[in-house]
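J.: Provided below are the primary sequence and the corresponding predicted coordinates.
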Amino acid sequence: MTTDISVDGGTPMTLNLQYQGNTTNNIPDIRKAIGESRLVGVLTNLGDGQHTAKVSMSPGGSAIIVDMLIYTSSTGVSADDPACKKKLKATFIGIGVILFLLEIIVAFLQLSSASGMEIGIGAQSPLISYFGNWNLAYWGPDVNVSSVQMVSWDPQAYATFSFNGTALRIKAPLWPYLVTTAVAIDGGTPQVLVLHPRPNNQNKTVTPTGDFQAFPSLQPGPHTVNVTMNPGDGQVVVDTFVCVSSPSLPSRSAFIGLSQVYNKRQRLINRFSAVAA
């Protein structure tokens, strides 16, 4: 097994890559051959500067192998070299720009937290606790908002979860027959959601998902949601809740970060530039 290597278009050097430099195909133990690593060729006395190495197949060969090439860098390059200084300065300025952008992103995220985010809680979320007899139901991709629903025909069944926010919406499909769900917050009067098209739709298909603004304005803070069957309606459905999280005031550091981030970035660039000067 051989491979040719040449530098700057010169005469190729043929490297013997066989076990212990063997020139025959008689390898006593292939495991030893695979495990051996040795220096197979050296090209010396190259002129100082940039070079191009080319690895090619030896005449009459059938394969090329490239493992590791080791080169000695030019001895004349140092931190005092003008070209090296220029590259170092560009590198440090690049680092400063990256740090500047990262600070902008962090400050933006801190400020954006001042507005509430919408958080979806599906029927199978571990945040929801179910009590009584419930059944997992899958009616098809056009029917379930959160891929599946939890359904109960048990009048005593209920589901509950807590969230920290300022609003609650419920998303669920509208059925061709009367389906209701009662939702109460913090022990208040339940709001009955009619999951049925208005006006009545008696066809055999489910209409597009309804988005119920059940509790659009809540006091910021923790709330507890209870889902129950509306008395006399026969079933209760849990699909998807959308909670609007409580807005948090941006931290003082966010405002400071936005007002001073440019100065920080400039100080970093000046510091790195001084090192490279």
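T.: The structure has been received and is ready for your questions. Because the structure is predicted, anything quoted here is derived from the model rather than measured.

J.: what's the domain layout of this structure?
T.: Domain assignment of the chain by automatic domain parsing yields the ranges 2-56, 82-114+250-276, 134-243.

J.: And these, which one averages the lowest pLDDT?
T.: Least confident of the domains of the chain, judged by mean pLDDT, is domain 82-114+250-276 with a mean of 57.

J.: In the protein, spot the strand with the most residues.
T.: Secondary structure of the chain per DSSP state E: the longest strand is strand 158-174.

J.: list the buried ones in that strand?
T.: Within strand 158-174, the residues that count as buried by 16 or more other CB atoms under 10 Å are 158-159, 161, 163, 165-174. Backbone N, C-alpha and C define where each C-beta goes, glycine included.

J.: What strands flank that strand, and is each parallel or antiparallel?
T.: Strand pairing for strand 158-174, determined by DSSP bridges: strand 129-131 (antiparallel), strand 207-215 (antiparallel), strand 222-228 (antiparallel), strand 240-245 (antiparallel).

J.: on that earlier part again, for Ser58, state which of the buried residues of strand 158-174 is nearest.
T.: Top of the list for closeness to Ser58, among those and by CB to CB, is Lys171 at 68.7 Å.

J.: Next, work out how far apart the closest one and Ile95 are.
T.: From Lys171 over to Ile95 the distance is 46 Å, taken as CB to CB, to the nearest Å.

J.: Identify the residue spatially nearest to Ser162, adjacent ones excluded.
T.: Thr224 (4.9 Å; CB to CB, 6 or more residues apart in numbering).

J.: Run through the residues that contact the one you found.
T.: Neighbouring residues of Thr224 by CB atoms under 8 Å, 6 or more residues apart in numbering: Thr160, Phe161, Ser162, Ile185, Asp186, Gly187.

J.: Tell me the buried residues in the strand or helix carrying Val192?
T.: Element membership for Val192 (DSSP states H and E) is strand 191-194. Buried residues in strand 191-194, counting neighbours by 16+ other CB under 10 Å, are found at Gln191, Leu193, Val194.

J.: possible to save those residues as JSON lines with distance to Val238?
T.: Shown next, in JSON lines, are those (distance: CB to CB, whole Å):
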{"residue": "Gln191", "distance to Val238": "15"}
{"residue": "Leu193", "distance to Val238": "11"}
{"residue": "Val194", "distance to Val238": "16"}
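
J.: Could you point out which of the residues you listed is nearest to Ala90?
T.: Out of the buried residues of strand 191-194, the member with the shortest distance to Ala90 (by CB to CB) is Leu193, at 61.5 Å.

J.: Kindly export stretch 161-168 (C-alpha atoms) in CSV.
T.: C-alpha atoms of stretch 161-168 as CSV (Å, rounded to 0.1, in the frame of the first residue of the first chain):
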residue,chain,number,x,y,z
PHE,A,161,-53.9,22.8,37.2
SER,A,162,-52.3,26.1,38.3
PHE,A,163,-50.5,28.8,36.3
ASN,A,164,-49.1,32.2,36.9
GLY,A,165,-50.6,34.7,34.5
THR,A,166,-53.2,37.3,33.5
ALA,A,167,-55.5,35.5,31.0
LEU,A,168,-56.7,32.1,30.0
